[in-house]
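Asker: Here is the input, now give the coordinates:
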Amino acid sequence: MFRKTSGAILCPSCGRLTNADAPVCLVCGRRNPGLWGFASPLRALFRRRSFVDIVTVACIVLYVLSLVLDPGAVLRARGPLSIFSPSAEALVDLGAAGVLPWQLGHWWTVLTAIYLHGGLLHILFNVMWIRQLGPAVEELYGPARLVVIFTVAGAVGFLASNLLGYGLTIGASGSIFGLLGAMVAFGQKRGGAFGARVLRQYGQWALMLFVLGFLMEGVNNVAHAGGFAGGFAAGLVLSLAEHQAETAIDQLLAAACIVLTLLGFALALWSAFAA
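Answerer: As a prediction, the model looks like this:
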């Protein structure tokens, strides 16, 4: 994808044809509709790529990498729930969150830890929920807003657990609760019979998962609560797809989330292996 700095483009606000180099949209009056040449590439990026598929592949690749970094950990399983579990050292190298990395200034861990998992059942459970909830959030909010909700929710969840002194912590559960929070926010904003059904269904799922979290050992319930709050807040702030098409601001926010996450993994690997 290349920048388009001249010729006709679709305005990121109104979707009508205008000039890429126009100071304002000729139809709706939006300033810099060409977004300095990046409007078309951003629009194409979020239309042609499934973020849910990208997250799925990223989680699987990073899980396999965490096993490869310390293959001996696979042989040290202490029970059925710890089969194919990566070592703590490998997870720290890849960007696990926790109070110690946070105190060391590793801010990126609140992003990188979203994509790391501690065992086969852990990643299977989380990927299943991501693939269940992600398309629903994308349909009701839009693909770029899905990226923002998923990333913000996960980061808020890990930030909350860091501030409360949790040790090593990983997983996409905070982001998953954030997707549930965004659906609950949609139900409240949308209203009517459809909004009430969405609110009831996803609210019940969130409650069920919260209860399960307290019944299972080793679950970071603070990250779950923080993720739900982050997703709910993002859902309230972001526009619904049926009310407003995604704007260049939505796409820029999503692109920033992706760039910061990639930068986080680069910093994690640099800190672990090159510093």
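Asker: Tell me how many other residues crowd Ser50.
Answerer: Neighbour count for Ser50, taken as other C-beta atoms under 10 Å: 14. All C-beta atoms are positioned from the backbone trio N, CA, C, and that covers glycine.
Asker: residues in contact with it?
Answerer: Pro143 (C-beta atoms under 8 Å, 6 or more residues apart in numbering).
Asker: With Arg145 instead?
Answerer: 137, 234, 238-239, 241, 246, 250, 254.
Asker: Over to Phe51?
Answerer: Neighbouring residues of Phe51 by C-beta under 8 Å, 6+ apart: 134, 138, 143, 146-147, 150.
Asker: quick one: it from Gly95, how far?
Answerer: Using C-beta to C-beta, to the nearest Å, Phe51 is found at 19 Å from Gly95.
Asker: Check Ile170 too.
Answerer: As judged by C-beta to C-beta, Ile170 and Gly95 stand 9 Å apart.
Asker: show me where pLDDT drops low in the stretch 151-275 of the chain?
Answerer: For the stretch 151-275 of the chain, residues meeting the criterion pLDDT under 70 lie at 275.
Asker: my bad, the stretch 1-150 of the chain
Answerer: Along the stretch 1-150 of the chain, segments meeting pLDDT under 70 span 1-49, 76-82.
Asker: Apply 90 and report the result again.
Answerer: By pLDDT under 90, the weakly predicted segments of the stretch 1-150 of the chain are 1-50, 70-85.
Asker: Which parts of it are strands?
Answerer: Using DSSP state E, counting those that start in this stretch, the strands of the stretch 1-150 of the chain run over 8-10, 17-19.
Asker: check contacts around the residue lying closest to Ala223 once chain neighbours are set aside.
Answerer: Residue nearest to Ala223 in three dimensions, not counting chain neighbours: Gly157, with 3.8 Å by C-beta to C-beta, 6 or more residues apart in numbering. Contacts were defined as C-beta under 8 Å, 6+ apart; by that measure Gly157 touches 173-175, 177-178, 220, 222-227, 230.
Asker: before we move on, the earlier item: which one (most neighbours) among the contacts of Phe51?
Answerer: Sorting the contacts of Phe51 by how many neighbours each has (other C-beta under 10 Å) puts Phe150 first, at 32 neighbours.
Asker: Name the nearest residue to Leu67, ignoring sequence neighbours.
Answerer: In this structure, Leu67 finds its nearest non-sequential neighbour in Pro86, 5.4 Å apart by C-beta to C-beta, 6+ apart.
Asker: Was I right to think the one you found contacts Gly72?
Answerer: No - Pro86 is beyond contact range of Gly72, at 10.6 Å (criterion: C-beta atoms under 8 Å).
Asker: Who has more neighbours out of the two?
Answerer: Shown here are Pro86 and Gly72; by other C-beta under 10 Å, Pro86 has more neighbours (27 against 7).
Asker: Which residues does stretch 85-95 contact?
Answerer: Residues beyond stretch 85-95 that count as contacts (C-beta under 8 Å, 6+ apart) turn out to be 62-63, 65-67, 69-70, 72-74, 76-77, 96, 101, 106, 108-109, 111-113, 116, 118-120, 168, 170, 264-265, 268-269, 272-273.
Asker: could the contacts of Phe51 go into a markdown table alongside distance to Gly187?
Answerer: Converted to a markdown table, the contacts of Phe51 look like this (distance: C-beta to C-beta, whole Å):
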| residue | distance to Gly187 |
| --- | --- |
| Gly134 | 17 |
| Glu138 | 16 |
| Pro143 | 20 |
| Leu146 | 17 |
| Val147 | 21 |
| Phe150 | 18 |
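Asker: Need the max-distance pair from these.
Answerer: Spanning the widest gap among the contacts of Phe51 are Pro143 and Phe150, at 10.9 Å by C-beta to C-beta.
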